[in-house]
Structure formats: structure tokens, C-alpha cells
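Peer 1: sequence first, predicted model second:
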Amino acid sequence: MIGHGRAMDQQRTSTLNAAPIGFAEFVCLVAALMSLTALGVDSMLPALPAIGASLHVANANERQFVITTFLIGFALGQLVYGPLADRFGRRPVLSAAMAGTIVANLVVAMSGSFELLLGARFFAGIAVAAARVVTVALVRDCYQGRAMARVMSLTFIVFMAAPILAPNFGQIIIVFASWRWIFGGIAIATAAILVWFRLRMPETLPEHARQPLSPRRIAEDSLIVVRDRWAAGYTVASALMSGSIFGFIGSIQQIMQDVFHRPQLLTLVFACVASMLAVGSFLNSRLVMRLGTRRISHSALVAVIAIAATHLLVIWLGLESLPVFILLQGLMMMGFSLSTSNFSAMAMENMGAIAGTASSLQGFVSMLTGALVGALIGQSFDGTTVPLYTGFLLMAVLSLGVVAITERGRLFRPTE
């Protein structure tokens with residue numbers, strides 16, 4: 001079965017090895033689709049206190065559930081879209097899911113209780129999951145290996161405009177209007193991207209490569225993913241790293257308010273830190289074709305461990321300040337970008353014939369693990385940054401252990 005999958009992969013690569021539209025537009029469109037997830041998370045960070053006050057949420061830590069429920073829905077939704085996209089093609093599945101995203105965000109905007117808001121956020125996460133699963137499969141339809149890693153890195157540079165600008169978008173809205181307009185704005189942005197996608201992106205999965213939608217086929221394809229050492233190993237490594245990032249996202253509003261007493265600087269600090277993700281992706285796009293995914297990602301993972309340990313030492317010595325926090329967290333973000341961009345490409349290396357199902361299963365594991373770990377880190381917030389950076393250090397060490405097992409101890413090797 002694995003050999004058959006690789007043969008199909010080689011056949012498809014020979015005929016479908018470049019984007020069906022201009023490269024620059026392809027990268028921008030893929031980034032716009034993926035940015036819907038970041039927009040669904042980051043834009044409401046400045047509005048969490050307003051949402052809590054409006055819907056009578058007394059416990060500040062409970063406001064993090066606005067993010068957590070979305071991420072859990074996002075994780076579960078990814079199990080559905082991969083098999084559907086492998087059966088019916090990329091265009092119809094992604095189009096229907098984006099329409100669902102629009103409806104769910106409109107319900108959130110009109111919610112009269114915190115419970116209804118959380119329920120609608122959960123379904124918004126399920127719907128927008130297609131923007132991640134189907135888009136990764138779409139990229140894998142066109143590229144593989146180092147070329148895919150380069151495309152994903154360039155995509156991430158454009159994509160990073162969302163987490164950098166989204167909190168500012170939310171901040172501006174709550175200054176002039178109700179927090180409900182944040183979700184109305186997400187619905188409008190989703191509609192605009194859907195129109196762009198429908199007008200410009202043709203189907204990338206040919207009829208002959210489509211897979212039957214059956215439990216047996218899905219189970220067989222899932223076993224291929226689980227049994228492939230690189231697919232399984234790098235998915236778990238990426239999931240662990242994602243947990244620390246979600247912990248940061250869930251905690252940052254309270255850190256700015258309770259640790260540094262500068263809540264008005266939230267959007268600026270978040271933009272400065274998040275921009276380092278784009279820097280990491282840019283460096284990766286320039287270096288990956290020459291150095292390879294393993295050398296870059298393994299080195300970046302070791303750097304994250306060193307930076308997290310340094311940050312904990314700084315806290316223990318009583319030297320933490322807002323500038324130090326921004327510097328070390330920014331370096332952490334760059335290391336995260338350099339590692340996980342390549343982890344994703346390596347996890348999809350042998351999955352070309354079942355790209356939709358593979359992307360679905362990998363995304364589910366990564367997002368659910370990340371959401372739960374991030375929630376644990378966020379709920380551990382105690383008025384300091386110690387829980388956050390303990391989480392970063394622990395997740396990076398565990399991730400390095402998983403990578404070492406995956407590579408059978410041969411880290412930093414240049415060959416693919």
C-alpha cells in the first residue's frame with residue numbers, strides 16, 4: 001500500500017509540479033486562506049475583557065475559553081475535510097466550509113450569552129479548519145520536499161500580516177464600536193477571500209487521483225500516515241511546539257495587564273513578537289533549498305530550548321522587564337517558525353497520494369494537542385511568566401526527543 005502510494009505520488013508529481021496560477025498570487029491566496037485561522041484567534045485578544053464584561057464572565061482565566069473552544073473545534077474539524085477533499089476535490093469542500101465560517105461568525109456576533117458565544121466559536125473553528133487542511137493539500141498537489149517547504153515559508157511571511165494586524169483590527173473596533181463587530185469583520189473578510197478563491201483557483205486534484213469516501217479507505221490511508229516514521233514523528237513534534245505558542249496567545253493579554261501593567265501596549269508588543277515569525281520564515285525560504293529542512297529545523301529547536309532556559313534564568317534573577325520579554329519572546333518565535341515550517345513539509349514528504357487525509361489527520365493531532373497543552377499553560381497563569389516559559393522549555397525538550405527518535409539519533413544531517 002505504501003509503495004502504491006509513492007508510485008501515485010511520483011505520477012502526480014510529474015504532471016502537477018507547479019501552481020496553476022501565478023506563483024506570487026498562489027502564495028498570497030494560500031496565505032490569505034490560512035490567515036483566517038489567525039484572524040479567528042488573534043483579533044479578539046484586546047476584546048477579551050469587553051467580552052467578559054458584556055456577557056458577565058467573572059473569572060479572568062475563563063475568558064481564555066473564547067480561544068480554546070475555537071481551537072478545539074478547529075482540531076476536530078480537520079478530521080472531516082481531508083477525506084472529503086480527497087474524494088470531491090479541493091474547490092467544493094473549501095468553498096462550502098468557508099460559507100459555514102461566515103454563518104458561524106455572524107452567530108457569534110449576535111450571541112446574548114457566554115455559552116452561546118462559546119458554542120458558535122466551536123462551530124466556527126470546525127468550519128474554518130478546511131482553510132488549513134485543504135490548503136495544505138492544495139500546496140502538496142503542486143509541490144513537494146524542499147520546494148514545498150519554501151512555498152510554505154513564503155506563505156507564512158505573507159500570512160504573518162494576520163496575527164500582526166489582527167489585534168490592531170480588534171483594538172480599533174472596540175474603540176469605536178462593540179466587540180461584536182470584530183466577528184462581523186471576520187465574516188466580511190472570509191466572504192472576500194472566498195470570492196477570490198472561486199474566481200482564480202482551479203481544481204488541483206484530477207479526477208483520476210480522487211479517493212473513494214469509505215471508512216475502509218480512510219482507515220487504510222490513516223494507517224499509512226501513522227506508520228510513516230517521518231509523518232508521525234514530525235507531526236507530534238510540531239504539535240508539542242504548537243502547545244507552547246497557544247499558551248502564549250492565551251496568556252499574553254493577562255501578562256501585559258498583570259505582569260507588566262501595560263495593557264494599552266498589547267497590540268504593539270504582540271506585533272513586535274509575531275513579526276519575528278515572519279523573519280524566521282523569510283530566513284527559511286532563503287536557506288532551505290541550500291541547507292535542507294533537517295539542519296535548519298533541528299538547529300532551531302535547540303535554540304528554542306536555550307532561549308526558554310535563558311528566559312527562566314532571567315526571571316529567577318529578577319531581571320525581567322518588558323524590553324527583555326519582547327526580545328527573548330521574539331527570538332523564541334523565530335526559532336518556532338524555523339522549526340515547524342520544516343516539520344510540516346517533512347511530515348508530508350511521502351503523503352502526496354493521500355495529501356488530503358494526511359493533512360487532515362496531522363492537523364487534528366497538532367491542533368488538538370496544541371489546544372489542550374496551550375489551555376493547560378494558560379490556565380496555569382499565576383501573575384508571572386514562569387508557567388509560560390516552563391511550558392516553552394518542556395515542550396521544546398519533548399519535541400527534540402521525538403525528533404531524535406524519528407531520525408534514529410541522526411540529527412542535523414544534510415541529506416533528505
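Peer 2: Received the coordinates, thanks.

Peer 1: longest helix of the chain?
Peer 2: helix 114-142 (DSSP state H).

Peer 1: assign Ile410 to helix, strand or coil.
Peer 2: Ile isn't right for residue 410; it's Arg. coil (DSSP: H, G, I helix; E, B strand; the rest coil).

Peer 1: tell me the pLDDT of it.
Peer 2: pLDDT, Arg410: 83.

Peer 1: against Leu194, how distant is it?
Peer 2: 44 Å (CB to CB, to the nearest Å). C-betas here are computed from N, CA, C, even on glycine.

Peer 1: neighbour count winner among the two?
Peer 2: When neighbours are counted by other CB atoms under 10 Å, Leu194 comes out ahead of the other of Arg410 and Leu194, with 20 against 11.

Peer 1: contacts only, for the more buried one.
Peer 2: The contact partners of Leu194, taken as CB atoms under 8 Å, 6 or more residues apart in numbering, are 95, 98-99, 102.

Peer 1: Ser238 now?
Peer 2: With CB under 8 Å, 6+ apart, Ser238 has these contacts: 340, 343-344, 347, 362, 366, 399.

Peer 1: same check on Ala404?
Peer 2: Leu411.

Peer 1: do the same with Thr101
Peer 2: Contacts of Thr101 by CB under 8 Å, 6+ apart are 36, 124, 127-128, 131, 186-187, 190.

Peer 1: quick revisit: what about the contacts of Ser238, which one has the most neighbours?
Peer 2: Ranked by neighbours (other CB under 10 Å), those are led by Phe343, which has 30 neighbours.

Peer 1: tell me the first helix or strand C-terminal of the host helix or strand of that residue.
Peer 2: Secondary-structure assignment from DSSP states H and E places Phe343 in helix 322-347. Using DSSP H and E, the helix or strand that follows helix 322-347 in sequence is helix 355-379.

Peer 1: okay if I get the contacts of Ser238 as TSV plus distance to Pro20 and pLDDT?
Peer 2: As requested, the contacts of Ser238 are exported to TSV (distance: CB to CB, whole Å; pLDDT from 0 to 100):
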residue	distance to Pro20	pLDDT
Thr340	27	84
Phe343	27	86
Ser344	22	78
Ala347	24	84
Gln362	24	82
Ser366	27	83
Ser399	35	93
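
Peer 1: so where's the stretch 151-300 of the chain uncertain?
Peer 2: 152-153, 156-164 (pLDDT under 70).

Peer 1: before we move on, what SS does Pro202 have?
Peer 2: coil.

Peer 1: list phi and psi for it.
Peer 2: phi -80, psi 170 (degrees, to the nearest 10).

Peer 1: element containing the closest residue to it other than its chain neighbours?
Peer 2: Sequence neighbours aside, Pro20 is the residue nearest to Pro202 in space, at 5.0 Å (criterion: CB to CB, 6 or more residues apart in numbering). Assignment of secondary structure by DSSP H and E places Pro20 within no helix or strand.

Peer 1: what's Pro20 in contact with, if anything?
Peer 2: 26, 142, 201-202, 204.

Peer 1: most neighbours, which of the contacts of Leu194?
Peer 2: Met98 (23 neighbours).

Peer 1: what about it, which SS state?
Peer 2: Looking at Met98 with three-state DSSP, the answer is helix.

Peer 1: ok, now which ones touch it?
Peer 2: With CB under 8 Å, 6+ apart, Met98 has these contacts: 36, 127-128, 130-131, 190, 193-194, 197.

Peer 1: and Leu328, how close does it get to Gly185?
Peer 2: 32 Å.

Peer 1: any idea how far the residue nearest to Pro202 lies from Cys142?
Peer 2: For Pro20 relative to Cys142 (CB to CB), the value is 7 Å.

Peer 1: tell me, what's touching those two both at once?
Peer 2: Common neighbours of Pro20 and Cys142 (CB under 8 Å, 6+ apart) are 26, 204.

Peer 1: could you redo the contacts of Leu194 as TSV and give each row distance to Arg180 and pLDDT?
Peer 2: TSV is the format used below for those (distance: CB to CB, whole Å; pLDDT from 0 to 100):
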residue	distance to Arg180	pLDDT
Ser95	26	94
Met98	21	94
Ala99	21	95
Ile102	15	96
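
Peer 1: of those, closest to Ala300?
Peer 2: Ala300 lies nearest to Met98 out of the contacts of Leu194, by CB to CB, at 32.5 Å.
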